[in-house]
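A.B. asks: For reference, the sequence and a predicted model appear below.
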Amino acid sequence: MAIRFRIQGDLRFISHHDTMRLFERALSRAQLPVRFSEGFNPRPRMSLPLPRPVGVATAADMLVFELCEPITASETLRRLREQMPGGLELLEAIELQPDRKLHPEQVVYEVEVPPTQVAQVWEAVQRVLSSERWIIERTGHRRQSVRSIDLRPLLIEASIQSGVLRWSCRTPDTGSARPGEWLEAFGLDPAEMLHRVRRTAVEWENLQTTAQPPAQETSFAPAQANSD
């Protein structure tokens with residue numbers, strides 16, 4: 001079973017681990033027949049195929065889990081919706097074949113650019129689009145290694161309309177770019193802007209979804225609380 005969901009507001013600041021724990025507890029409270037792993041410490045067989053960076057809101061994330069008993073997508077959605085906290089909305093449930101894996105092919109992000117920075121950001125976007133290569137240096141875990149990554153083959157398109165920077169990028173099996181790396185390439189400071197980024201769409205390999213995010217998803221109010 002796959003559940004498409006969105007996260008917005010202050011809940012976007014929870015980590016990937018905490019998001020997994022949230023869904024694990026929700027599945028238990030909803031009394032859904034989730035399949036567990038075997039071994040000394042069994043865990044629910046569930047995953048988030050496209051982990052969301054802390055601070056990034058989303059309208060198109062996906063939860064995937066296995067069931068050991070048949071249950072309809074509509075009933076699964078109904079039970080789970082009753083367990084969701086504010087800021088997390090379930091949009092659609094999709095029945096999957098037991099051996100089917102979900103893989104994201106393309107992702108769309110957007111962020112509102114401060115009016116004083118629109119011109120310089122657009123110049124940076126054009127530089128990236130016109131380049132054959134755009135190499136960045138990614139520091140590994142605990143800063144013990146540095147790896148060079150070419151962002152240019154991953155970028156499909158980018159534009160600015162009405163002060164909103166929107167870009168779509170590929171997510172190959174060999175590795176994708178982080179939203180903060182795109183911000184830096186486009187001349188924006190990730191430390192200041194990452195918490196304003198929204199993941200607005202994901203194209204999944206061989207998967208058709210029917211629900212669409214409401215129109216108001218294109219608006220965004222920065223959190224009033226401390227956002228570091």
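C.D. replies: Alright, I've got the coordinates.
A.B. asks: Of all residues in the chain, which one is nearest the centre?
C.D. replies: In the chain, the C-alpha closest to the average C-alpha coordinate belongs to Arg52, at a distance of 4.2 Å (C-alpha atoms, centre = their mean).
A.B. asks: wait, doesn't Ile149 sit right on Gly175?
C.D. replies: Yes: applying C-beta atoms under 8 Å, one finds Ile149 in contact with Gly175, separated by 7.3 Å. Glycine gets a C-beta too; all of them are placed from N, C-alpha and C.
A.B. asks: Neighbour count: these two, which is higher?
C.D. replies: It is Ile149, of Ile149 and Gly175, that has more neighbours when counted by other C-beta atoms under 10 Å, with 16 against 10.
A.B. asks: Who does the more buried one form a beta bridge with?
C.D. replies: The bridge-partner assignment for Ile149, based on DSSP bridges, gives Ile136.
A.B. asks: all strands of the chain, in order?
C.D. replies: Counting by DSSP state E, the chain has these strands, from start to end: 2-7, 46-47, 57-65, 88-94, 104-112, 135-139, 146-150, 155-161, 164-170, 198-204.
A.B. asks: how about low-confidence regions in the protein?
C.D. replies: By pLDDT under 70, the weakly predicted segments of the chain are 98, 140-144, 208-228.
A.B. asks: can you list the domains in it?
C.D. replies: Per the record's domain assignment (automatic domain parsing), the chain is made up of the domains 2-102, 104-204.
A.B. asks: Surely Phe105 touches Glu205?
C.D. replies: Careful, residue 105 is Glu; it's not Phe. Yes: when contacts are counted by C-beta under 8 Å, Glu105 is listed as touching Glu205 (5.2 Å).
A.B. asks: Gln8 is in contact with Ala60, isn't it?
C.D. replies: No: here Gln8 does not reach Ala60: they are 11.8 Å apart, not a contact under C-beta under 8 Å.
A.B. asks: between those two, which one's more packed in?
C.D. replies: Per other C-beta under 10 Å, whichever of Gln8 and Ala60 has more neighbours is Ala60, with 24 against 17.
A.B. asks: In space, what's closest to that one - neighbours in sequence excluded?
C.D. replies: Val202 (4.3 Å; C-beta to C-beta, 6 or more residues apart in numbering).
A.B. asks: so where do the helices sit in this protein?
C.D. replies: Listed from the start of the chain, the chain has helices (DSSP state H) covering 16-29, 73-81, 118-130, 179-185, 190-193.
A.B. asks: Alright, that wraps it up for me.
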